[in-house]
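Student: just the structure for this:
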Amino acid sequence: MAYTPELTLKSSAVLRRIAWALGKPMTRTMEEIMDFMTRVLCSEKVCENCRDKRCEICPFNKKDSRKDKRLIGLY
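Tutor: Numbers count the residues shown, from 1 in each chain. Next up is the predicted model:
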């Protein structure tokens, strides 16, 4: 298992409520939130600020040359 930061009480409560709404365990819900975020965050901004540089396994790594049309840019 990779390093997992502790959640604040507020974040834990939010995650728990989302999990209840989805009818799934919190662990699976957190995975689904991460999957969702890879679809909506601007990959260009993520890659620009990446410190890991393991592009071959990164879901933000784009294999095609189409313009990034993701919804959420990072400020």
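
Student: need the pLDDT of L71.
Tutor: pLDDT recorded at L71 is 67.

Student: which element is the residue nearest the centre of the chain on?
Tutor: With distances taken as C-alpha atoms, centre = their mean, M34 lies nearest the centre of the chain, 3.1 Å away. Using DSSP states H and E, M34 maps to helix 26-40.

Student: buried ones in that helix?
Tutor: Within helix 26-40, the residues scored as buried using 16 or more other C-beta atoms under 10 Å are 26, 29-30. Placement of C-beta: from N, CA and C, glycine included.

Student: helices or strands up against it?
Tutor: Helices and strands touching helix 26-40, by 3 or more C-beta pairs under 8 Å, 6 or more residues apart in numbering; DSSP states H and E, are helix 9-22.

Student: what is the helix it packs on packed up against?
Tutor: If you count contacts as 3+ C-beta pairs under 8 Å, 6+ apart, helix 9-22 packs onto helix 26-40.

Student: the helix or strand following the helix it packs on: how far from the chain's middle?
Tutor: Later in the chain than helix 26-40, the nearest helix or strand by DSSP H and E is helix 43-48. With C-alpha atoms, centre = their mean, to the nearest Å as the basis, helix 43-48 stands 13 Å off its chain's centre.

Student: cool, stretch 49-62 as well?
Tutor: 12 Å.

Student: can I get it as CSV, trimmed to CA atoms?
Tutor: C-alpha atoms of stretch 49-62 as CSV (Å, rounded to 0.1, in the frame of the first residue of the first chain):
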residue,chain,number,x,y,z
ASN,A,49,3.8,20.7,-11.3
CYS,A,50,4.5,17.0,-10.9
ARG,A,51,7.5,16.0,-8.7
ASP,A,52,7.1,12.3,-9.3
LYS,A,53,8.0,12.0,-13.0
ARG,A,54,6.7,8.4,-13.3
CYS,A,55,4.7,9.3,-16.4
GLU,A,56,4.3,5.8,-17.7
ILE,A,57,2.0,4.9,-14.8
CYS,A,58,0.3,8.3,-14.4
PRO,A,59,-3.4,8.6,-15.3
PHE,A,60,-2.8,12.3,-16.2
ASN,A,61,-0.2,11.3,-18.9
LYS,A,62,-1.9,11.9,-22.2
